[in-house]
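Visitor: predicted model follows, preceded by the sequence.
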Amino acid sequence: MAKRKIIWSSKAKLDLFKILEYLHKRNGSKTYCKKLNARIRRSVRLLSDHPDLGLMTDVYNVRNLIEGDYAIFYQPDDDKIKVISIWDSRQDPDNLIINK
């Protein structure tokens, strides 16, 4: 089967930006942010070949891939993977909203 195209939703892009921005402000260095960004993007690229890698969620056709303290919510399809959201799992789970 051919590789699936990775599509980032605007919410997922914003989630990742906010996480990296927070860590940069907290740590005062971009080093950890660059490493975390690379780890998350590497995990997402894996989904292109292995779309069933993540765990199924309660939301129809949405899976969750864990990378360290972060949950990557995505929607697999025959020809694409849509990254829906990135969640810092140390936050209050009652605040988690997954929109497709």
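Guide: Great, that's in hand.
Visitor: sheet-wise, list the partners of the lengthiest strand in the chain with their directions.
Guide: Ranked by residue count, the top strand of the chain under DSSP state E comes out as strand 80-88. Applying DSSP bridges, strand 80-88 is found paired with strand 5-8 (parallel), strand 70-76 (antiparallel).
Visitor: separation between the residue nearest in space to the middle of the chain and W87?
Guide: For the chain, the residue nearest the mean C-alpha position is I72 (2.8 Å; C-alpha atoms, centre = their mean). Distance of I72 to W87, given as C-beta to C-beta, to the nearest Å: 8 Å. (Glycine included, C-beta is placed from N, CA and C.)
Visitor: again with P93
Guide: As judged by C-beta to C-beta, P93 and W87 stand 9 Å apart.
Visitor: can you pick out the residue with more neighbours from these two?
Guide: More crowded of P93 and W87, by other C-beta atoms under 10 Å: W87, with 21 against 8.
Visitor: so what pairs up with the residue nearest to the more buried one when sequence neighbours are not counted in the strands?
Guide: Spatial nearest neighbour of W87, excluding adjacent residues (C-beta to C-beta, 6 or more residues apart in numbering): A71 at 4.5 Å. Judged by DSSP bridges, the bridge partners of A71 are I66, W87.
Visitor: A71 touches I84, doesn't it?
Guide: No: the criterion here is C-beta atoms under 8 Å, and A71 misses it with I84 at 10.6 Å.
Visitor: these two: who's more crowded?
Guide: Set A71 next to I84 and count neighbours by other C-beta under 10 Å: I84 wins out with 23 against 20.
Visitor: and the more buried one, what's its pLDDT?
Guide: What the model reports for I84 is a pLDDT of 95.
Visitor: kindly report the same for M56.
Guide: According to the model, M56 scores 94 on pLDDT.
Visitor: residue contacts, it?
Guide: 62-64 (C-beta atoms under 8 Å, 6 or more residues apart in numbering).
Visitor: cool, T57 as well?
Guide: So T57 contacts 63-64, 73, 98 (C-beta under 8 Å, 6+ apart).
Visitor: before we move on, what about N64?
Guide: N64 touches 54-57, 71-74, counting by C-beta under 8 Å, 6+ apart.
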